[in-house]
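Visitor: give me coordinates for this.
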Amino acid sequence: MNEHDPYTTTLVRLLEQLAPLEGYNLSALDDVRFLRSNRPLTRTPVLYDPGIVILCQGRKRGYLGDEVYIYDAQHYLVVSVPVPFTMETDASAAEPMLALYMRLDFKLASELLLQVDEVLGASSAPPKGMYASPMDDSLRASTLRFVQAMSEPLDAQILGPALVREIYYRILTGEQGGSMRAALNRQGHFGKVTRAIRKIHTCYQQHLDVESLAQEASMSVPNFHLHFRSVTDSSPMQYVKSTRLHQARLLMLRHDMSASSAAFNVGYESASQFSREFKRFFGRTPLAEIEWMKATYALPAPTTASIYVSSH
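Guide: Prediction:
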């Protein structure tokens with residue numbers, strides 16, 4: 001696709017209007033954000049909530065183990081389970097990164113999944129927690145119609161939800177849609193690990209150990225270790241630590257909590273241990289990290305899409 005074709009030119013123009021501020025820009029739909037970054041970002045730890053990221057300008061690279069996920073104007077990103085990874089952004093003031101993010105609506109996705117599987121049959125593709133896939137002409141057309149509708153308040157309210165459904169459909173039936181359908185079905189080892197991940201994200205303030213998480217997944221500890229790493233490229237307890245640190249950063253950023261208060265709120269018993277692990281993970285002390293983020297990004301009202309503020 002030529003970067004100056006009518007599709008791209010129109011999409012960039014509309015998203016520049018919908019995302020005038022760096023970082024998140026809220027939309028008429030609760031699960032949709034428009035994103036902008038006017039500067040490059042070096043590798044940063046992130047933990048995306050399940051969702052879909054479609055860029056129209058700029059480029060992002062996600063690093064998970066030995067895998068590199070490139071998402072740009074030619075590729076979109078799908079996250080079906082929260083996966084901690086590192087990410088960097090190519091952007092500038094002259095050509096800002098512009099994107100739309102849809103937090104995954106599992107009810108809507110499941111409804112479409114049933115309909116698609118009824119026609120195509122259940123997917124035999126391997127489930128993936130995250131993948132980048134090429135934009136095809138159908139998804140480009142659906143994305144353009146959606147962004148055009150979101151540019152008009154009445155259209156956004158009336159037509160927006162149906163166009164979100166259309167984008168979901170395009171992705172579920174796209175080149176790697178089978179992997180997303182398999183992930184949403186949550187069967188086999190992937191489904192068992194997903195149950196443990198859900199417990200981590202709902203109970204991270206509580207005491208968590210490998211034995212209880214393996215029990216949640218109905219797996220032996222050795223098998224749980226093996227299959228958890230295959231889904232997240234992380235050990236279970238590394239994942240717990242990453243989740244707690246990301247959530248603590250969110251509490252400090254959005255609710256002006258002190259580092260010690262945030263530490264205790266996410267399950268740390270020692271504020272000094274929290275500060276050491278936070279600096280090792282993010283590369284800055286808690287105070288320095290929050291000051292940097294507040295100076296760098298225009299932030300919206302609190303949202304459960306916790307870590308996405310760090311990625312733009």
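Visitor: residue 177 and residue 183, how far apart?
Guide: For residue 177, the distance to residue 183 (C-beta to C-beta, to the nearest Å) stands at 10 Å. Using the backbone N, CA and C atoms, a C-beta is placed for each residue, glycine as well.
Visitor: same thing with residue 289?
Guide: The gap separating residue 289 from residue 183 is 32 Å, by C-beta to C-beta.
Visitor: who has more neighbours, those two?
Guide: Relative neighbour count places residue 183 above the other of residue 289 and residue 183, with 27 against 20, counting by other C-beta atoms under 10 Å.
Visitor: CA atoms only for the one helix or strand that one maps to, dumped as CSV, please.
Guide: Under the criterion of DSSP states H and E, residue 183 resides in helix 177-185. Presented in CSV, the C-alpha positions along helix 177-185 are these (Å, rounded to 0.1, in the frame of the first residue of the first chain):
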residue,chain,number,x,y,z
GLY,A,177,-8.3,-15.2,12.6
GLY,A,178,-8.2,-18.9,13.3
SER,A,179,-5.5,-18.3,16.0
MET,A,180,-7.7,-15.6,17.6
ARG,A,181,-10.8,-17.9,17.4
ALA,A,182,-8.8,-20.7,19.0
ALA,A,183,-7.6,-18.4,21.8
LEU,A,184,-11.1,-17.2,22.5
ASN,A,185,-12.4,-20.8,22.7
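Visitor: looking at this, residue 108 is in a strand?
Guide: No: counting by DSSP: H, G, I helix; E, B strand; the rest coil, residue 108 is not part of a strand but helix.
Visitor: I'd assumed residue 162 was in contact with it.
Guide: No: judged on C-beta atoms under 8 Å, residue 108 makes no contact with residue 162 at a distance of 10.8 Å.
Visitor: which one's more surrounded, the two?
Guide: Neighbour totals were compared for residue 108 and residue 162, and residue 108 leads with 16 against 11 (other C-beta under 10 Å).
Visitor: so what's that one up against?
Guide: With contacts defined as C-beta atoms under 8 Å, 6 or more residues apart in numbering, the neighbours of residue 108 are 164, 165, 168.
Visitor: tally of neighbours for the first one?
Guide: Pointing back at residue 164 there. 21.
Visitor: retrieve the pLDDT associated with it.
Guide: For residue 164, the pLDDT comes out at 98.
Visitor: for it, list the residues it contacts.
Guide: 29, 31, 32, 102, 105, 108, 146.
Visitor: nearest to residue 248, of those residues?
Guide: Nearest to residue 248 out of those is residue 31 (C-beta to C-beta; 24.3 Å).
Visitor: excluding chain neighbours, what is closest to that closest one?
Guide: Once flanking residues are discounted, residue 31 sits nearest to residue 103: 4.2 Å by C-beta to C-beta, 6 or more residues apart in numbering.
Visitor: pretty sure that neighbour contacts residue 27?
Guide: No: the criterion here is C-beta under 8 Å, and residue 103 misses it with residue 27 at 11.2 Å.
Visitor: what do the two both touch?
Guide: Shared contacts of residue 103 and residue 27 (C-beta under 8 Å, 6+ apart): residue 33.
Visitor: how is the chain carved up into domains?
Guide: Domain assignment for the chain by automatic domain parsing gives 6-184, 188-311.
Visitor: give me phi/psi at residue 175?
Guide: Main-chain dihedrals, residue 175, degrees, to the nearest 10: phi -60, psi -40.
Visitor: likewise for residue 71?
Guide: The phi/psi pair for residue 71 (degrees, to the nearest 10) is phi -130, psi 130.
Visitor: is it in a bridge, and if so with what?
Guide: Going by DSSP bridges, residue 71 is paired in beta bridges with residue 60.
Visitor: and residue 46, by the same measure?
Guide: Under DSSP bridges, the beta-bridge partners of residue 46 are residue 85.
Visitor: surely it touches residue 83?
Guide: No: Residue 46 lies out of contact with residue 83 (C-beta under 8 Å); the separation is 9.3 Å.
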